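**Q** coords please:
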Amino acid sequence: MIIRKLGGVLGAATFALGPAMAQEAVPSSRAEVFEPSYFARFNPTNAEDMVRQVPGFSIDEGDSVRGFAGAAGNVLINGEQPSTKTDLRTVLGRIPVARVLRIEIVSAATGELDMRGQTKIANVILRASNTDRATAWETTLRYFQGERLTASAEASITQPMFGGTLTLSAEGGQDMSGGPGGGTRAFGTRDYFNGAGVQFEHHDGLILNQSLSIAPSFDFRRPFDRGTLRLNGNYSNSEFTGGRLYTVLSPGVGGNPIRFEPQVNESAQQRFDVGGDIERSLNDDASAKLIFFHKRQENSGDNLFSFYNGAGAFTRSTLLRNDDTSGESILRGQVNWKLSDAHAIEVSLEGAYNFLDSARTVTLNSGLNVTPPGSDTIVEELRAEAQISDVWTVTPKLTLEPGFKFEVSRIEQEARLTGGASLFAEREFSYPKPSLSLAWTPNDDQQLRLSLQRDVAQLNFGDFVSAVEVTNDRIVGGNADLKPAQAWAFLAEFEQKFWADGVVTLIGSFDQVEDVQDVVPVVPLGGTISSAFDGPGNLGEGERWSLGFEASIPLDRLGLDNAKLDLALNSGSSEVVDPVTGLSREFSDYFTRQWNVDFRQDLPSWGFSYGFRFSESGGGTTYRLKELFKRQRSGGDFSVFVETKRFFGLNIRAGFSDIFDPYFFATRVVFDGPRSTGAPILIQNSESHNGEFGFIRLSGTF
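**A** Now for the predicted structure:
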């Protein structure tokens, strides 16, 4: 019934648009082209498999900034940004390899493509005249320590329909801790020390989780006379049931338990989004596009924390309940005009509406409601943005892209109090956002890319809502006065090609930030100074910077045929004045280092491929009024795989991940007053791990 209704809608739309035109797109004048034959040795089943193997390129999902275009990633489909906020890897994973005509890598802005704001993109060109049905599928099984089994599967079918191309996809997964016997597995430990460093409690944790999710989707593309229609939609439904049990021992790890702390969590999430665009050529030098997007998400859950004494007798409990509904609607119109061979102008106007309606309660077993102020609230935002930019081809080797955006917005918040009363807050913002990017290509093997732009961060409406963390005995205050951080963001990249497919890119960035979003003392809407909690807020001015490189190295010249090594390293820091101590420190929860190594070799005569990956990252610290919280990981992720397509025409990939079984550590220090003057009264050390796991993935097309 749903398919027939969808067919009726699409059929009516395509009838109104007129006859279709099947045309293959010609390569962009600045593109480095990769044909399907280049990827054959990697045994891809979808476009995501192909893009991952492009040398010197990694998928970027986009920035967390305001505006539909500004947050776009670095992958285009037929020269256009996908009119959806589904992550790029999922979008590409739904495109069967049979539909991909070629992949273009473009490293400088051009008026031929919708790549504004990106200095390097992958443009996935789809076949326009595919009269055959294409199907791709994939299923993965993972087996963890403690009899934990997870399974996921996805499939897509693409076929000509309604004068265009329709893709129907579905994916789902199941996660079980335990197994047929229902056993739990070790999860982690917590150790508590007093201010003098004397341990007084040790907690051993066990975990048992079950989850189930399913997500169908569709994508429809139809060319028509002088234009294209694109529609897409996604729906997802997931349910989760989890349990943790901490056994408390004192002192150290010996003796009988003195307390049991079970936690039971049940949650459900439903989400749907629909989007699309219609583009039409106005004349030989101008085109117009109308883009729309709508999303709605509902989350609900109960989290019960209980406490029992050493004899197993119940002592107390706390129930956290949440019911959140959020949504986003965007309408954007843009006109592209090729003014001359040297200038390509884009003008756009975008409007958006966002909201979060959140109701959270905290109830003790006695029936007493201890919900903090600001937990029952609705936040709404209206935003408009105008933009103009120019891709200026100064010379064949030099391209400039100046641009300017101006945004106005209004945020309203209503905090619902007990007894039916409400409190209101309203704020208005306006932000000019100029930008300038440059690409200089002195020869075929080198390129310098520079960009400077004014960014405005995206606000998380969940930061406006108060929440309780029972495990850490902490209240996180919602902040009605939170402002988005603004930054002058500078990025420099120098790319050097070598050998056949070798690429190395040096990367540096520097951001001058205003209204740094961090953790500050917050008085929730409807609260008083005595009810102030730590929560999201703004600190003032700060800086962050990073240096790194990415490299893709073919190893044929070093004696390893059909092998390549991919390397990436990024290291940086940040600085802002701490409002408690008055001293400089890094941003809260800012990870300063990450690196990874990927190796793969294909053995065509044997019909096998193998490889490994190692990755590691640094830790971060959160700074609160009376608390420090630092988290980090010991060791890195190491995984190995073997892959073949020799059997039954399937792509079979198997291996092991997290072989070194890395642990995640967290240290929490609580003071008896502000950190600047207080003394430690509690030190909590926690560690957890997931354990190594084996996997097997089967995928194919037909």
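**Q** can you map out the strands along the stretch 251-400 of the chain?
**A** Secondary structure of the stretch 251-400 of the chain (DSSP state E, counting those that start in this stretch): strands at 257-283, 286-309, 314-338, 343-364, 376-395, 398-416.
**Q** could I get those as TSV with mean pLDDT, mean neighbour count and distance to Gly694?
**A** Glycine gets a C-beta too; all of them are placed from N, C-alpha and C. Shown next, in TSV, are the strands of the stretch 251-400 of the chain (pLDDT from 0 to 100; neighbours: other Cβ atoms under 10 Å; distance: least, Cβ to Cβ, whole Å):
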stretch	mean pLDDT	mean neighbour count	distance to Gly694
strand 257-283	94	17	27
strand 286-309	95	17	31
strand 314-338	94	16	36
strand 343-364	94	18	39
strand 376-395	94	19	44
strand 398-416	92	19	47
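**Q** now for these, which one comes closest to Gly478?
**A** strand 376-395 (6.8 Å; Cβ to Cβ).
**Q** what pairs with that closest one, and is each one parallel or antiparallel?
**A** strand 343-364 (antiparallel), strand 398-416 (antiparallel) (DSSP bridges).
**Q** what's the burial count for the closest residue to Ile475 other than its chain neighbours?
**A** Spatial nearest neighbour of Ile475, excluding adjacent residues (Cβ to Cβ, 6 or more residues apart in numbering): Phe533 at 4.4 Å. Per other Cβ atoms under 10 Å, the neighbour tally for Phe533 reads 23.
**Q** please identify which of the strands of the stretch 251-400 of the chain is closest to Glu138.
**A** Short answer: strand 257-283, nearest of the strands of the stretch 251-400 of the chain by Cβ to Cβ, at 21.9 Å.
**Q** can you map out the helices along this structure?
**A** Using DSSP state H, the helices found in the chain span residues 2-17, 36-39, 47-51, 88-93.
**Q** among those helices, which gets the worst mean confidence?
**A** With a mean of 37, helix 2-17 has the lowest mean pLDDT of the helices of the chain.
**Q** in contact with Thr393: list those residues for me.
**A** For Thr393, the contact set (Cβ atoms under 8 Å, 6 or more residues apart in numbering) comprises 110, 341-343, 399.
**Q** tell me how far it lies from Pro434.
**A** From Thr393 across to Pro434, the span is 20 Å (Cβ to Cβ, to the nearest Å).
**Q** present the strands paired with strand 376-395 as a markdown table; the columns should include distance to Asp191.
**A** Listed next are the strands paired with strand 376-395 as a markdown table, based on distance: least, Cβ to Cβ, whole Å:
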| stretch | distance to Asp191 |
| --- | --- |
| strand 343-364 | 27 |
| strand 398-416 | 39 |
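**Q** between those, which one is closest to Ala153.
**A** strand 343-364 (32.3 Å).
**Q** hey, C-alpha coordinates of the closest one in CSV?
**A** Taking Å, rounded to 0.1, in the frame of the first residue of the first chain, the C-alpha atoms of strand 343-364 are listed here in CSV:
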residue,chain,number,x,y,z
HIS,A,343,33.0,34.4,-12.6
ALA,A,344,30.2,32.1,-11.4
ILE,A,345,27.8,33.7,-9.0
GLU,A,346,25.5,32.0,-6.5
VAL,A,347,22.8,33.8,-4.6
SER,A,348,20.6,32.0,-2.0
LEU,A,349,18.0,32.6,0.7
GLU,A,350,17.3,30.0,3.4
GLY,A,351,14.7,29.8,6.2
ALA,A,352,14.6,27.3,9.0
TYR,A,353,12.5,26.3,12.0
ASN,A,354,13.8,24.1,14.8
PHE,A,355,12.2,23.0,18.0
LEU,A,356,12.7,20.7,21.1
ASP,A,357,9.9,19.8,23.4
SER,A,358,11.4,18.1,26.4
ALA,A,359,9.8,16.8,29.5
ARG,A,360,12.0,15.1,32.1
THR,A,361,11.2,14.0,35.6
VAL,A,362,13.2,12.7,38.6
THR,A,363,11.2,10.7,41.2
LEU,A,364,12.4,8.9,44.4
